[in-house]
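Trainee: Need coordinates for the below:
(one chain, ligands or ions: 1)
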Amino acid sequence: MVPLVYHPDYSFAFPRDHRFTMSKFKLTYENLVRYGLVHNNLFTPEKPEIEQFHLAHDPGYVKALCKNTLDEKAWRRIGLPFSEQLIHRTLIAPAGTLLASKLALEHGVACHIGGGTHHAHYSFGSGFCLLNDLAFSSLALNQMKPDLKILIFDLDVHQGDGTASILKNEKNIYTVSVHCEKNFPYRKETSTVDVGLYAGMSDDEYLTIVESTLNESISRFSPDIVLYDAGVDIWEHDKLGLLNISWQGIFERDKLVFEKFKQAGIPIASVIGGGYDPDEHELARRHSIVFEAANSVFNVL
Ligand SMILES: [Zn+2]
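Mentor: Below you'll find the predicted structure:
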């Protein structure tokens, strides 16, 4: 079984009519229990000291976030309503991605039932993202192991703009984003590799591009670990995505990613990324795909 990382505070009482489905973490976890994928493979992250986020974020921004002194404009850009529970879960989730990364280094693979807040920038939040777990985790890994070469492989339908921006001067961290060019963010940042897809692309062409980008990333960067953002907003009926990828196509994509890195002997930690659907159960089932794909390729615990 594949190591899982989860915290019960990831989901909390949240407006049901909001575009962001806060219940999806808990519902995905419950799905995995039902699927028989949770036994003694579950790991719980601890909330870090807020100073640890200074690795990836402006100390003034982190403080304003925690003290609730961000202005209305900053919250509008984030797109979520402030609450103590939101800040609490926001501080834990990046530690979850870091824990998954460490477990991946140990076991070859680990999956986080959370993470992928790739629109969070150095000094501001954006697009439902407050702190950038991918930037934070890769910088924390590099702090522990300066020579570790880290690949962030982001297949969410939206560009990983915050990640690209925070990490742009890092020599050992490579950011690869395959996204729909027409989707948010409208002003793109420059990742190490950006692949902008046209709106309406469907499975075959998409999977071909994902595979060639995987091959290129592995041969060009020879990473020691990959953090994989498995956003399901590439789905054909996603409320915020403009691609035309089937349910089966998402599974094929995730399986391909796990297989490639396994074959290359590169540890992989996945995060769930974006997905938007008014039906919370349908959404949680889609977010569960990446865990099914990981377990179809790996059996480590
Ligand atoms: Zn997204």
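
Trainee: my hunch is that G115 is in a helix, does that hold up?
Mentor: No. Read with DSSP: H, G, I helix; E, B strand; the rest coil, G115 is coil and lies in no helix.

Trainee: could you list every residue that touches it?
Mentor: Neighbouring residues of G115 by Cβ atoms under 8 Å, 6 or more residues apart in numbering: A93, P94, G96, T97, A100, D133, L134, D229, V271, I272, G273. Quick note: C-beta positions are derived from backbone N, CA and C, even for glycine.

Trainee: gap between the closest residue to it other than its chain neighbours and T28?
Mentor: Nearest residue to G115, sequence neighbours excluded (Cβ to Cβ, 6 or more residues apart in numbering): V271, at 3.1 Å. Distance, V271 to T28, by Cβ to Cβ, to the nearest Å: 12 Å.

Trainee: quick one, which of these two is more surrounded?
Mentor: In terms of neighbours (other Cβ atoms under 10 Å), V271 is the more surrounded of V271 and T28; the figures are 30 against 27.

Trainee: Just give me the neighbour total for the residue in the stretch 201-301 of the chain that the ion sits nearest to.
Mentor: At 2.7 Å from the ion, G274 is the closest residue in the stretch 201-301 of the chain, using Cβ to the ion. Neighbourhood size, G274 [other Cβ under 10 Å]: 27.

Trainee: Check the one 10 residues further on too.
Mentor: Counted with other Cβ under 10 Å, the neighbours of A284 add up to 24.

Trainee: Kindly report the same for the one 10 residues further on.
Mentor: Around A294 sit 28 other residues, with neighbours defined as other Cβ under 10 Å.

Trainee: Repeat that for T69.
Mentor: A count of nearby residues for T69, using other Cβ under 10 Å, gives 10.

Trainee: helix or strand for the nearest residue to it once chain neighbours are set aside, which one?
Mentor: Distances taken as Cβ to Cβ, 6+ apart put K63 closest to T69, at 7.8 Å, once the chain neighbours are dropped. K63 belongs to helix 59-67 when elements are defined using DSSP states H and E.

Trainee: That helix packs against which elements?
Mentor: Applying 3 or more Cβ pairs under 8 Å, 6 or more residues apart in numbering; DSSP states H and E, we find helix 59-67 packed against helix 84-107.

Trainee: what separates the helix it packs on from the chain centre, distance-wise?
Mentor: Computed by Cα atoms, centre = their mean, to the nearest Å, the chain-centroid distance of helix 84-107 equals 11 Å.

Trainee: Please shift the residue numbers so they start at 409 in all later answers.
Mentor: Sure, I'll start counting at 409 from here, so that last one is helix 492-515.

Trainee: Could you identify the helix or strand that succeeds that helix?
Mentor: With elements assigned by DSSP H and E, the helix or strand that comes after helix 492-515 is strand 517-520.

Trainee: Just the buried residues of that following strand, please?
Mentor: Using 16 or more other Cβ atoms under 10 Å as the test for burial, strand 517-520 gives V517, A518, C519, H520.

Trainee: show me the contacts for the residue nearest to G523.
Mentor: T505, A508, H520, G522, G523, G524, D541, L542, L635, Y636, D637, A638.

Trainee: ditto for H520
Mentor: Contact partners of H520, counting by Cβ under 8 Å, 6+ apart, are L412, V413, Y414, G504, T505, L507, A508, A677, S678, V679, I680.
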